[in-house]
Each structure stands twice: as C-alpha cells, then as structure tokens.
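K.L.:
here is the input, now give the coordinates:
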Amino acid sequence: MQVSVPKTRMPDFGFNDKDALAVTAYLLASSDKAYKPLYEFEAGDAENGKKQFESVGCQACHQLNGKGEAFGPDLSNIASKVNADWLVSWVGNPTHYNDKSKMPNLRLSKEQATDIATYLLQFGKPKPIPGIEERVTHPKMVEYGKSIVRKRGCFACHDINGMEKEGRIAPELSSFGRKMILELEFGDAHIAHTWESWVRTKLKKPDSYRTERVLDKMPNFHLSQDEIDSLVVLLKGFNGTNVPAKYRKILTAKEQTLETGRRLVEKYNCKGCHHVEGEGGWIQKYIKATAQYPPPLDYGSYHVGERIKSSWVYSFLDNPTPVRTWLKMKMPTFNLSDQEVRDFTAYFEALAPLENKYEAGVNVEKDEKVVQTGSSMVNYMDCGKCHDDGDKGIDFSIASERLRQNWIPKWLKDTREMIPWTKMPSHWVKKGDQYLVPVKFGDIKTVGDVDQQINTIKDFIIAYNTADIDFDLVFGEEPGSDAGEDGDGADAGADEEEMDEEDSEFGDEEEEFLE
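P.N.:
Next up, the predicted model:
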C-alpha cells in the first residue's frame, strides 16, 4: 500500500491476500446498489483535458507524476483504481457521489469533465485478477470480510453501510502518559522496559508486541522520526490531570473565531490556491502567468476581511459567482454548511486590522458632483480599458457591491505593495512617505491633493450603481458639453501633442508600473 501510494494517509494494515479480498467482498456487498453515475463515459479530447487539469486548479490538491500538491490522492496511477463512468461523474460533480466530500464542485461542463477524465485515464491501467468476480461475491468471503472490517475499525474513518453504530476498538488515551510499565505488553520484543521505549517502538512498528495471545490491531502509519518525536511528547502530556481553569489558556471570542477559521482553512486546503496569514498560494508554482494567480486572502497589509463586505463574502462562499473573468481558474463550489460559511466570514473579518462597521446606505450618501468628477477622472486615466465589462479588471458594478469604502484609498495608493503580482499598476508615485501625481495624469491635480483625488474615485466606485452619472464625460469637460464628441480640430491636435509630451516626460515611471 505504501509502495503504490507513498504519501497516502491510509495506514498499512498488513493484510494478506485473503484478508484484502474479503474486505473488498464485504465493501462491494454493502455498497449502495441504487447509485448510478452522473455521466456515462465517452472518450473526449485528452489534450484539452490536460490543459483543463492544469488550469482549473487540480494541482492545488493533487499530484500527478510528481507535479502538484499532496493534499488529496495522488493521481499518477488513477486508471488502475477507478472505472471511467465513476471518474467522469466524480470530476463533473463530486457531491453526486458523496454529499460530504471535501472535493469541491468545479462547475465544469460535461464536455470539460469528459476531457479531464480522458486525460487522467492515461495514467495507470487495470490489472485483472483471474476469477476475482466469483470470489468476491461468495457469501462466506463477504461474511469473513465483515468480521475483518469490524475488527480493524474501518468505520472509524469511513462511512460504511451497516456499521453506523459501531463503537471504538482502541483503548482510551486520556491518561496514557501515566501508564505504569506493568500495564504495558512488551510481548517478545527485546527493548528497554521503559514507557518511552515502548511508545517509540509501538509508533514505528505497531506489530512489535504481537503474539499468539495478543492481537495488535493498530495499523502502521509509516511515521517519520519527527512525527514519532512529536507524538511521544503529546502522549506523555495525556496524564488525565484536570488542570485548574486559572492555568488553562481560555480563548477570547476573537481567538476562538480565528482558531475555528484556521481549522476550516486546513480542512478545505484554502492555502493550496490562496495566501492566508502569510502562507499558501502553492499552486503558483504550477502557473506560468502571474496574471493567472488566485488572489490572496490575507497577505502582508492586504486583508480580504478589510477589503470585502462581510455580506458579500458570505454570499460568495455560499454560491461563488465569476468576479475575475480573465482567470482560467475559478473559485469552486465547496460543500460548506451554513455554519461553516458563517465561521469563514467571521474569520476573515477577524483577521482585519481594524473592526469593520456595517456600511449601510453609504452608496446613496455621496455627493453626485463628486461622483461625476470621479467618473470623469476614471475616463481620463483610461481605467475602463481594463474594468469596463470586467475583461481585465473587476467590473465597477461588482466592485461597488463588494468593496468596503475605507479600503479603496489604501488599494489605490499601495496597489503593488499589497499584491506584487497584480495586473493593476500603481497610478500614484510613492517617494518616501509621499504620494505624487505622475505627469501623465497631471490634470487631476485640479481636484485637490492626492487624498482628495483618491477619495473622489472612491466615491464614484461606491455610488456606481445608484448615482446619476454621465459615464461618457472625460475629465475637464462640463456636463452637457459635446466637446468630447466633436471638438475643435486645432485645439484637439494641440491637446494631443501636449499629452504626447506628458507621456514622454512620464516615461520610465509608467514602464515600471506596467512591467
């Protein structure tokens, strides 16, 4: 088992051929006979499947021939394990097979799922065992398999039909650190008779104490030396002592929120794609274009709980909708409970450096003249080149719904400091602690200082979906003016020449921003 899948979390029970066959027989006999795959497999385009596999995010969890992360099963020999109908159905929608699955729904079309399955079925091949079909259906083999499954406690990790009410099969460990030497069974092992020696041997090779009289049920997890060292310390700490409350670490409400969130991040492997609390984003190793990197969630001075309204975070986690339309990788739909969605939302909010207030009605409180000026500035700075229709940047209508207004000025000032790989350039030059207006956008100085300029754009974004805005007006024009459509030829030419000079003067700064 460990040889075929070296990084599996499934321990090695040391089954002989008869035991392995019997367990197989019982699991097949107890499986749900009414289940039908979502799709029937018909071979698709393996080359397109490879592109899909490497772009939709599979490598954040799975390894394939040594490339990818080891959170989920290694897929290097997948075709020897599963049948084609099951695989295409699983890729298409994992919850159709298992409604408790941690594997998310990537919202793939049937064609995409088929292409990925076709690609994966190239790795490994089934190894037929003559006569196995007849043997796994024999009633005695099924019955023997049931006794093995019950004796070895397979139901402790797996849901198995008919064994939902089985109890634990291993000893309780709450006071294990205080076990006396006389209570430990050393069998025929030639080791020092000490508590630590017994535990280390047990963890390294669990069957060391097995005799005809003592059947050791613990499987071999093939633990590393570091893992064994850590477990020895942990087990010694299990001494059954009731520690008085004043000596315990009692988590505050915020600390409990953070701890709950961190466990969810671990459970669903959020760090496979995203940076969270300074770690993660591991899938970046397998993506060539930085513009395709998934966004961070908590990275340096960037905190998604400070950036995004909690109501929007909750809705998005519950039902992800496309935001960054240029990304090939999309946020999948995880099988989160309502409580998990609430806990995730609270966690991200708790990571924010300052307490966020509910921003009710801020969009309708903006001065429409200021909002119109912001719209004109955005046109003048050519922001729509990326943000109109969300082709290269997030559409302003979505930004208005999701962003907290106090975060926007921070982003506009320190764009590349917050997310170094973002496509969006920093539009204000930072020298020391000062922010300067690039020569290219010099006209916006008439709005006021840098803070005023940035807050004007902020008001435009916040009020985007509600204010009465002339979206065609360019900075410097008055509402109702038709200069932007027709204009005077000579003046227009002079303006264009002046802008060319300004572009030239801006020079290296712009180039630096767009690198």
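K.L.:
can you get me the start-to-end distance on stretch 241-252?
P.N.:
Using Cα to Cα, to the nearest Å, the end-to-end distance of stretch 241-252 comes to 23 Å.
K.L.:
give the rounded mean pLDDT of that stretch.
P.N.:
On average, the pLDDT along stretch 241-252 is 87.
K.L.:
quick one: contacts of it?
P.N.:
Residues from elsewhere that reach stretch 241-252, judged by Cβ atoms under 8 Å, 6 or more residues apart in numbering: Glu259. For glycine as for every other residue, the C-beta is placed from the backbone atoms N, C-alpha and C.
K.L.:
what's the neighbour count on Gln225?
P.N.:
When neighbours are defined as other Cβ atoms under 10 Å, Gln225 has 10 of them.
K.L.:
what's the answer for Ala25, then?
P.N.:
Neighbour count for Ala25, taken as other Cβ under 10 Å: 24.
K.L.:
what helix or strand is the closest residue to Tyr314 other than its chain neighbours on?
P.N.:
Leaving aside its chain neighbours, Tyr314 sits nearest to Thr345 (4.7 Å; criterion: Cβ to Cβ, 6 or more residues apart in numbering). Following DSSP states H and E, one finds Thr345 within helix 338-351.
K.L.:
for that helix, name the packing helices and strands.
P.N.:
Counting contacts by 3 or more Cβ pairs under 8 Å, 6 or more residues apart in numbering; DSSP states H and E, helix 338-351 packs against helix 253-267, helix 304-307, helix 310-318.
K.L.:
right, and Gln59 touches Gln284 too?
P.N.:
No. Gln59 is beyond contact range of Gln284, at 10.3 Å (criterion: Cβ atoms under 8 Å).
K.L.:
between the two, who's got more neighbours?
P.N.:
Neighbour totals were compared for Gln59 and Gln284, and Gln59 leads with 23 against 16 (other Cβ under 10 Å).
K.L.:
how many other residues sit next to the nearest residue to the more buried one once chain neighbours are set aside?
P.N.:
Using Cβ to Cβ, 6+ apart and skipping residues adjacent in sequence, the residue nearest Gln59 is Gly68, 3.9 Å away. As a burial measure, Gly68 scores 24 neighbours (other Cβ under 10 Å).
K.L.:
Gly68 and Tyr299, how far apart?
P.N.:
Using Cβ to Cβ, to the nearest Å, Gly68 is found at 22 Å from Tyr299.
K.L.:
for Gly72, see how far away Leu87 is.
P.N.:
For Leu87 relative to Gly72 (Cβ to Cβ), the value is 14 Å.
K.L.:
okay, these two: which has more neighbours?
P.N.:
Between Leu87 and Gly72, counted using other Cβ under 10 Å, Leu87 has the larger neighbour count: 24 against 16.
K.L.:
related to what we said a few turns ago, helix or strand right after the helix holding Thr345?
P.N.:
Next element after helix 338-351 (DSSP H and E): helix 368-380.
K.L.:
residue contacts, Arg404?
P.N.:
306-309, 356, 359.
K.L.:
just for the stretch 351-500 of the chain, where's the confidence low?
P.N.:
Applying pLDDT under 70 to the stretch 351-500 of the chain flags the ranges 358, 360, 476-500.
K.L.:
try it again at 50.
P.N.:
Along the stretch 351-500 of the chain, segments meeting pLDDT under 50 span 483-500.
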